[in-house]
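> Sharing a model prediction with you, sequence too.
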Amino acid sequence: MRAILTALGLMAFAGSALAAGPRFSPPSPLIDADAAKPGQTAFARTFSIGTWSGQFEQTRLTDVQKRFGGQIEREGDAGSAMQWLCYDLPAQHQRVWLSSYEINGGAVADVTMWGVAAPANSPSCAPLKDTVSVDGFMALGAAQTDITGRLGAPGLQAANWSAWRREAKLSGNCTEEDTLTVRTDKGKVVYISAYRTSSC
């Protein structure tokens, strides 16, 4: 589901990028976490910016914006609609996105972190001093063993990309899905995309 929504959103983004000027949408990983063999351990429950904490599917982008500033970008419409906040951490050589799709109603469903040598300046990526983590242990620069120690072996791996997925049935006909995609370089995490959504 997330892969389809991301692809549709990025297609819409590409069509308007030239007219709108330089904006940076969340980068897509090179493997599809939806194809990963599902595991049992839940993840993508909380995210932290410094000492401040938020919850996937509960904390709204506007809540983050009020606390840390930034500009909410929007692209697409109907089922392909997506919106995000982008932050640059120049001292840590990182760029971070908090994203929401149409089905999430403005609540944070995806946290993407990317280690980049020198982030390009963008009016839509506000400066941020505090580091970002997911579930208190997933952060750029961490060892992949920190993640496998908590979640087990990835359900999908290709070269230096790894992915985890979990699906669970809730009460009634409701379901929830968690996906995590990680890229490593020399054993250290340089890309993270953690996503959680539920539906009935």
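That came through fine.

> count of residues packed around the closest residue to Gly172 other than its chain neighbours?
Here the nearest residue to Gly172 in space, its sequence neighbours aside, is Cys200; by CB to CB, 6 or more residues apart in numbering that works out to 6.3 Å. In short, each C-beta sits where N, CA and C put it, glycine included. Neighbours of Cys200 under the rule other CB atoms under 10 Å: 8.

> cool, and Gln40?
8.

> cool, Gly152 as well?
Gly152: 12 neighbours (other CB under 10 Å).

> Leu61 too?
Leu61 has 23 nearby residues by other CB under 10 Å.

> Could you tell me the phi and psi values at it?
phi -60, psi -40 (degrees, to the nearest 10).

> Kindly report the same for the one 4 residues further on.
When read as degrees, to the nearest 10, the backbone of Gln65 gives phi -60, psi -40.

> Quick one: residues contacting it.
Counting by CB atoms under 8 Å, 6 or more residues apart in numbering, Gln65 touches 71-72, 85.

> Among those, name the ones in strands.
Leu85 (DSSP state E).

> Counting neighbours, which of the contacts of Gln65 comes out on top?
Leu85 (24 neighbours).

> List the buried residues for stretch 153-169?
Buried residues in stretch 153-169, counted by 16 or more other CB atoms under 10 Å: 154-156, 161-166.

> Quick check: of the contacts of Gln65, which lies closest to Ala33?
Closest approach to Ala33 among the contacts of Gln65 (CB to CB): Leu85, at 21.6 Å.

> burial of Ala142, as a residue count?
Ala142, neighbours per other CB under 10 Å, totals 17.

> Many thanks, we can stop here.
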